[in-house]
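Colleague: Give me the fold of what follows.
(one chain, ligands or ions: 1)
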Amino acid sequence: MFTKAIVRTPSKSIVDGITSANLGKPVYEKALAQHADYVEALIECGLDVTILAAEEDYPDACFVEDVALMTPHCAIITNPGAESRKGETQSMIATVEDFYDRVEFIEAPGTVEAGDIMMVGEHYYIGLSDRTNGIGAMQMINYLEKHGMSGSTVNMSEMLHLKTGLSYLENNHLLATGEFVSKPEFEKYDMLEIPSEEEYAANSVWVNDTVLTPKGFPQAKAIIEKTGYKIREIDVSEFQKLDGGLSCLSLRF
Ligand code: CIR
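Modeller: As a prediction, this is how the structure comes out:
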């Protein structure tokens with residue numbers, strides 16, 4: 001069960017966020033409205049939501065998931081691989097310290113963006129992406145082990161982050177698309193394969209037996225419905241324009 005979440009209000013500078021999508025620039029006012037509905041959905045799931053102020057200097061700062069890993073035993077502040085995102089950690093430190101006594105830090109030359117980290121119970125899968133390197137992943141695994149958990153790396157080559165194409169929905173359910181469908185390390189899970197035309201919805205989020213999923217992906221919705229969870233759709237089109245999925249918009253713990 002999660003009890004809390006941290007989000008950050010999108011800034012006007014969101015129009016300058018990093019993107020590889022060819023979907024145009026996000027519309028600030030629409031992003032704000034969609035973000036408010038996202039917060040509402042987290043509240044509906046029973047979470048206390050801390051809403052951090054927008055940071056104009058960091059266009060991607062609303063994607064808070066990438067700058068910290070919140071575990072039941074400690075928090076780890078990351079060192080984002082994207083140059084323009086490194087400074088996002090500064091203001092997150094104080095917030096995380098409000099909730100955790102034990103806070104660890106990924107140090108250069110290690111880089112980690114926590115969108116590359118998928119929690120399955122006490123084990124954490126860490127994708128080796130363009131944003132998360134081997135040194136960062138090893139630091140992360142050392143911290144996890146220090147605090148009684150475990151981690152392992154996953155090679156990947158197609159997606160931005162591990163959770164761009166993979167979401168653990170508890171009870172052994174694993175939502176997957178693209179390169180992750182055939183990875184041997186995920187064979188033990190009940191794989192719910194999302195077809196490539198709806199791959200964006202492979203980034204969905206389990207929150208206390210509700211699955212938050214992006215609006216507009218009917219095949220994915222039908223697949224997730226098979227798990228028996230309640231589904232809450234959220235329109236996140238403006239964040240999709242920046243390669244951001246549902247999970248990226250919050251830290252849940
Ligand atoms: C970026 O490229 O860093 C942002 N535009 C999107 C980050 C999405 N975060 C995530 O998948 N965890």
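Colleague: What lies in contact with the helix or strand harbouring His35?
Modeller: His35 is part of helix 28-44, with elements assigned from DSSP states H and E. Residues outside helix 28-44 that contact it (CB atoms under 8 Å, 6 or more residues apart in numbering): 5, 7, 9-10, 12, 14-15, 49, 51, 62, 207, 210, 212, 232, 234-239, 246, 249-250, 252. Bear in mind the C-beta positions are built from the backbone N, C-alpha and C, glycine included.
Colleague: In helices, which of the residues you listed fall?
Modeller: Among these, the members found in helices (DSSP state H) are Ser237, Glu238, Phe239.
Colleague: Export the residues you listed as CSV, with columns for neighbour count, distance to the ligand and pLDDT.
Modeller: Below are the ones in helices among the contacts of helix 28-44 laid out as CSV (neighbours: other CB atoms under 10 Å; distance: CB to the nearest ligand atom, whole Å; pLDDT from 0 to 100):
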residue, neighbour count, distance to the ligand, pLDDT
Ser237, 17, 14, 98
Glu238, 26, 11, 98
Phe239, 25, 8, 98
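Colleague: does whichever residue of the stretch 1-150 of the chain sits closest to the ligand count as helix, strand or coil?
Modeller: Nearest residue of the stretch 1-150 of the chain to the ligand: Gly115, at 2.2 Å (CB to the nearest ligand atom). Secondary structure for Gly115, judged by DSSP: H, G, I helix; E, B strand; the rest coil, is helix.
Colleague: Check the gap between it and Tyr124 for me.
Modeller: Spatial separation of Gly115 from Tyr124 under the definition CB to CB, to the nearest Å is 13 Å.
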